[in-house]
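Visitor: whatever this is, show me its structure:
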Amino acid sequence: MTDSEIIFDEIASHGGKAIMSKKEHESGSDRIAEAAAEMEADIIVNVQGDTPFIKKAPLQKLIAQFCDLSVEVASMMQILKNQKEIEDPNFVKLVVDKT
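Guide: Below you'll find the predicted structure:
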């Protein structure tokens, strides 16, 4: 689901299925919730518009986590090494432990 006609048209031009959001949302997560409410799906993968070149292998690894039926939500992450990204308040960060 997208609120961008540019993204919608790009997906459609490559044979993909895109859905325009029906209203304005505060976040991409809210937009995904709107889409999920109208879908029958076991897994919904949210690829943000600012990460269009994500590779297939990491997405497959992410989806594989749902083979464990106790997993309800999963997210990809990477170790940040670039100090500019670390200090950028708009760059999403995640803190985890070893488990």
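Visitor: for this protein, what helix or strand is lowest in average pLDDT?
Guide: helix 28-37 (a mean of 86; mean pLDDT, DSSP states H and E).
Visitor: buried sites along it?
Guide: Within helix 28-37, the residues scored as buried using 16 or more other Cβ atoms under 10 Å are 28, 31, 32, 35. Every C-beta, even on glycine, is put in place using the N, C-alpha and C of the backbone.
Visitor: want to try CSV for these, with distance to residue 17 as columns?
Guide: Shown next, in CSV, are the buried residues of helix 28-37 (distance: Cβ to Cβ, whole Å):
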residue, distance to residue 17
28, 18
31, 16
32, 15
35, 11
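Visitor: just give me the closest of the residues you listed to residue 92.
Guide: Distances from residue 92 to the buried residues of helix 28-37, taken as Cβ to Cβ, are shortest for residue 28 (11.0 Å).
Visitor: show residues contacting the least confident helix or strand of the chain.
Guide: Here helix 28-37 makes contact (Cβ atoms under 8 Å, 6 or more residues apart in numbering) with 1, 2, 3, 19, 21, 22, 23, 25, 44, 46, 48, 49.
Visitor: for the residue of the chain most remote from its centre, what are its contacts?
Guide: Here the chain reaches farthest from its C-alpha mean at residue 83, the gap being 24.0 Å by Cα atoms, centre = their mean. Residue 83 is in contact with no residue at all, counting by Cβ under 8 Å, 6+ apart.
Visitor: any idea of the pLDDT on it?
Guide: You'll see residue 83 listed with a pLDDT of 95.
Visitor: quick one, phi psi at it?
Guide: phi -60, psi -40 (degrees, to the nearest 10).
Visitor: the spatially most central residue of the chain: what secondary structure?
Guide: For the chain, the residue nearest the mean C-alpha position is residue 46 (2.5 Å; Cα atoms, centre = their mean). Of the three states, residue 46 takes coil according to DSSP: H, G, I helix; E, B strand; the rest coil.
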